[in-house]
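Chemist: Let me see the structure of the following:
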Amino acid sequence: MLERGLVKSFVLSLGLLVLPGLAAAAAGKCERLVATGNPEYPPYLWRDPQNPQQLIGANADLLKHLAKELGLVVDVLDSGAWPQPLDEVRSGRIDLLAGAVLSASQLDAMDYVHPVPYVTPSVVWVRRDAAFPYAGWEDLRERTGDTLASNSFGPQFDAYAKSQLTLERVTSLTQAFQKLLLGRTDYVLHERYPGQALADTLEMQDDLLALEPAVSSEGLYLALSHNSACNEPWLRGGLAKKMLEAVAAGLPEVLLQRNLQLWKEQQLIPASDVIQ
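Modeler: Numbers count the residues shown, from 1 in each chain. Have a look, this model is predicted:
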């Protein structure tokens, strides 16, 4: 019995010595991640003028911060117009989606990293010189508005808009803002920060005003593909831990404001000077 006990103790001790090595090997076998997202979604993501295959923006900066904290390298690549990035991540050809909306239909394909770093509000955009009193949905009833054909503001508001509002679906936000400034509509419904980024691009920032409160808000998550070879417990846990620390420190908001400014500055530079 003593001999068997000694053997058992030796094997256990050997296992304790080996396990840290195995853990390091598991963590080390995925040293590089590839991420993607909507390439036309400033300030969260957009194509780098210096290297259009790469995406930059608040989501990219946050993801690179998390990866660095975990000792990983991440490439945030342009995989095409939306929804192609979603398809690439669902298939596992790309590991991560930066800027994923929480959806029951996507839970079968992706693990969402909590907590959510960004909650993007959708607001009522108006002409600054034609603003009207606004405290909620009811104040839109007697007015005409535009929004993108692809926009959804949650099932409750979508149902309310369908039955109570005069809301036209258009193909581009540029078109919607132009109609608004021409006085052909009273308001435009769109996300606050992407709307602000486009207003800067079109030099409409002094003519447009975003009213509060928001019509709706949705979270923009980091999501890891179930089919990614890197999707292992150590990575999911590590991303969640570092995301919690980043959110607690207020880092996402800092990166958002920094990229709003970067986008605005890039619009002031002639394209010939940006693309070498």
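Chemist: which stretches of the stretch 1-150 of the chain aren't confidently modelled?
Modeler: 1-29 (pLDDT under 70).
Chemist: all strands of it, in order?
Modeler: 32-36, 40-41, 45-48, 51-56, 73-76, 96-100, 110-127, 144-148 (DSSP state E, counting those that start in this stretch).
Chemist: Pull out the buried residues from the last one.
Modeler: Looking back up the chat, that one is strand 144-148. By 16 or more other C-beta atoms under 10 Å, the buried positions in strand 144-148 come out as Gly145, Asp146, Thr147, Leu148. (Each C-beta comes from the backbone N, C-alpha and C, glycine too.)
Chemist: quick one: buried residues of the helix or strand just after it?
Modeler: Scanning forward in sequence from strand 144-148 by DSSP states H and E, the next helix or strand is helix 155-164. The neighbour-count check on helix 155-164 (16+ other C-beta under 10 Å) flags Phe157, Tyr160, Ala161 as buried.
Chemist: The second one against Trp137, yeah?
Modeler: To tie it back to what came earlier, the one meant is Tyr160. Yes. Taking C-beta atoms under 8 Å as the definition, Tyr160 is a contact partner of Trp137 at 5.9 Å.
Chemist: Which segments of the chain make up each domain?
Modeler: Segmentation of the chain into domains, based on automatic domain parsing, reads 30-119+219-274, 120-217.
Chemist: Quick check: end-to-end length of the last one?
Modeler: Going back to what we said before, that points to domain 120-217. Using C-alpha to C-alpha, to the nearest Å, the end-to-end distance of domain 120-217 comes out at 6 Å.
Chemist: Pairing partners for the helix or strand containing Ala223, with directions?
Modeler: Assessed by DSSP H and E, Ala223 sits inside strand 208-225. Sheet partners assigned to strand 208-225 using DSSP bridges are listed as strand 96-100 (antiparallel), strand 110-127 (antiparallel).
Chemist: Show me how far the last one is from its chain's centre.
Modeler: Distance, stretch centre to chain centre, for strand 110-127: 8 Å (C-alpha atoms, centre = their mean, to the nearest Å).
Chemist: swap in the first one?
Modeler: Averaging C-alpha coordinates over strand 96-100 and over its chain gives two centres that are 6 Å apart (C-alpha atoms, centre = their mean).
Chemist: between that strand and strand 51-56, how big is the angle?
Modeler: Orientation of strand 96-100 against strand 51-56 (axes from the mean of the first three to the mean of the last three C-alpha atoms, to 10 degrees) gives an angle of 60 degrees.
Chemist: got the angle between strand 96-100 and strand 32-36?
Modeler: Using the same axes, to 10 degrees: strand 96-100 against strand 32-36 is 40 degrees.
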